[in-house]
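Peer 1: need the 3D shape of this:
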Amino acid sequence: MLHALILAGGQSLRMGVDKLSLLRIPGQADTVLSHVVQEAYAVAQRVTIIGGTREMKQTWPADIVYQRDREAYQGPLQALANAWPEKDLPHVKGYLVLAGDLPGLQALYLKQMWTLFQSLPSHIEGLMAVYEGRWQPLVAIYRPHVGMLLRQAAERGEKRILPVLQQIHVQEWQDCVDDWGLRPIHTPEDYQAWLQHIQLQSMARKIE
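Peer 2: Now for the predicted structure:
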């Protein structure tokens with residue numbers, strides 16, 4: 001069983017507005033966050049959205065859990081440490097960790113990652129996507145015990161997640177052929193680049 005943990009509690013300071021509530025495609029109802037949730041829901045048997053202290057305006061299916069951060073805006077390490085189940089459930093074999101700001105995310109890629117993860121030897125503790133040569137800790141699948149390491153790091157007062165994950169055995173996943181499949185939006189320029197990408201895709205389909 002795969003359990004998805006979707007991070008949705010950031011301040012969006014560089015964007016200037018709540019980026020997760022932006023429309024993924026102009027004229028359609030889906031937001032950036034709802035798209036990520038839908039793609040994760042197509043792969044994972046359980047989905048938890050980890051949000052800030054604000055109320056979510058969106059509604060989700062009954063089997064999708066929305067969990068508020070205990071403290072707002074403490075970063076992904078603290079959010080995951082608080083939300084990760086304290087007891088390893090025997091039927092959960094992996095935790096899919098996703099940022100909520102991935103407008104081009106596709107369930108196809110998540111399924112490929114999950115299939116590969118299940119075939120990895122037990123000493124490999126995480127399968128992490130790579131974008132532009134860098135690890136993407138928020139597009140990754142981890143073994144259940146990694147949550148304990150995150151909690152211990154948070155209790156020590158650590159703030160950054162990547163140094164913690166550099167201590168475990170990770171296999172990189174570099175099979176995403178779509179640039180936007182792993183690309184987040186942080187700034188207004190990022191969002192405009194995404195909208196331009198969508199427009200070019202639409203024009204190409206019309207030509208075909």
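Peer 1: show me what the longest strand seen in the chain is packed up against.
Peer 2: Secondary structure assigned by DSSP state E gives strand 134-142 as the longest strand of the chain. Here strand 134-142 is seen to pack against strand 94-99, helix 107-119, strand 126-131, helix 162-165 when contacts are counted using 3 or more Cβ pairs under 8 Å, 6 or more residues apart in numbering; DSSP states H and E. (Glycine included, C-beta is placed from N, CA and C.)
Peer 1: out of those, flag the one nearest residue 46.
Peer 2: For residue 46, the closest of the helices and strands packed on strand 134-142 is strand 94-99, at 9.6 Å, according to Cβ to Cβ.
Peer 1: helices of this structure, residue ranges please.
Peer 2: Secondary structure of the chain (DSSP state H): helices located at 32-41, 76-83, 107-119, 146-155, 162-165, 188-207.
Peer 1: from the rest of the structure, what touches the third one?
Peer 2: Read it as helix 107-119. 2, 39-40, 42-44, 93-94, 96, 127, 129, 141, 171, 173, 175-176, 178, 181-182 (Cβ atoms under 8 Å, 6 or more residues apart in numbering).
Peer 1: burial check on residue 200, number of neighbours?
Peer 2: Using other Cβ atoms under 10 Å, residue 200 has 10 neighbouring residues.
Peer 1: so what's the nearest residue to residue 170 once chain neighbours are set aside up against?
Peer 2: By the measure of Cβ to Cβ, 6 or more residues apart in numbering, the closest residue to residue 170 outside its immediate chain neighbours is residue 126, 4.5 Å from it. Counting by Cβ under 8 Å, 6+ apart, residue 126 touches 140-143, 146, 165, 168-171.
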